[in-house]
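**Q** can't give you the sequence, but here's the structure:
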Ligand code: HXC
């Protein structure tokens, strides 16, 4: 498929999605969301891509949902827009390969929500995070009230959402919102490096681990461990496990085929 508002490229086993509306700081409108939906379908099916890096062109990651598009929406249109974004973000969250967000600039509102739906966030020192929606007279609408408290705890999430404060990369790291802070303009490179490290591992193991964490976190510990036991056992149904363990015994690097 042809994309107008984002680009899809590949570096080895890493698929790279770059949202490309830099004049509007990559604000998410319906067209961008539909392209994101389509690109995720494409990447999910592509066996050549093991890991995905998501980034934004220019000085922002994503400065939010498109305020111009939302300004005159009726409640019904607003609900549909929120549901569209939430559906796409869920697809991103549960896609069968890890997704790393490389955030070099603003990740605000829907942009922060987009980053939170990724598995891992790498931030450049100048990155800024926040949920400024209350300043526009709205709540977050792409899952921010749900994912932010699950990541940083309810107290800090409520403070961030009620006040609309914008926090820097170091503070985002301190509260556990981002995995890693790297020097300015190096978040993309750092994300690619981490993606390649993940791509060198057994991919069925990586996918099963992602599924176990995502599914287990929403259940009680016994249910979660049962999910893990099942996914662990499934690893023994493919050649990666034999190769990984044989390579260890033979003191060589594993050569995974899946
Ligand atoms: C539409 C946006 C935009 C947005 C920026 N732009 N953010 N357009 N929607 N969310 C546009 C500006 O209008 C401007 O267009 C251009 O991008 C550059 O932005 P500036 O404001 O001139 O840049 P700067 O002075 O550097 O300020 C950067 C900024 C500011 C601090 C990030 O742009 C800003 O506050 N943006 C809005 C952030 C926000 O409130 N996000 C939450 C949105 S609500 P022109 O044409 O003038 O050059 C949301 C809800 C999600 O996300 C859930 C929905 C269901």
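**A** It's in. On a predicted model such as this, the values are computed, not experimentally measured, just so you know. Numbering: from 1, shown residues only.

**Q** what are the ranges of the helices in the stretch 151-258 of the chain?
**A** Remark: helices assigned in the stretch 151-258 of the chain by DSSP state H, counting those that start in this stretch are 154-163, 169-174, 187-199, 203-217, 221-235, 239-249.

**Q** Need the residues that contact the second one.
**A** When contacts are defined by Cβ atoms under 8 Å, 6 or more residues apart in numbering, helix 169-174 is touched by residues 103, 121, 123-129, 178-181. Yep, even glycine has a C-beta here, placed from its N, CA and C like the rest.

**Q** for that helix, the distance to its chain's centre please.
**A** How far helix 169-174 lies from its chain's middle: 17 Å, per Cα atoms, centre = their mean, to the nearest Å.

**Q** Okay, buried residues for that helix please.
**A** Neighbour-count burial for helix 169-174 flags 169, 171, 172, 173 (criterion: 16 or more other Cβ atoms under 10 Å).

**Q** Take those residues and write them to CSV, including distance to the ligand.
**A** Compiled in CSV, the buried residues of helix 169-174 are given as follows (distance: Cβ to the nearest ligand atom, whole Å):
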residue, distance to the ligand
169, 15
171, 17
172, 16
173, 20
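
**Q** The ligand contacts on the stretch 151-258 of the chain?
**A** Not one residue of the stretch 151-258 of the chain sits near the ligand, judged by Cβ under 6 Å from any ligand atom.

**Q** Where does pLDDT dip in the stretch 151-258 of the chain?
**A** 258 (pLDDT under 70).

**Q** Can you turn the buried part of the contacts of helix 169-174 into a PyMOL selection?
**A** The buried subset of the contacts of helix 169-174, as determined by 16+ other Cβ under 10 Å, is captured in PyMOL by this line:
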select buried, resi 103+121+123+124+126+127+128+129+178+179+181
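
**Q** Between the contacts of helix 169-174, which sits nearest residue 201?
**A** Among the contacts of helix 169-174, residue 179 lies closest to residue 201 (Cβ to Cβ), at 16.9 Å.
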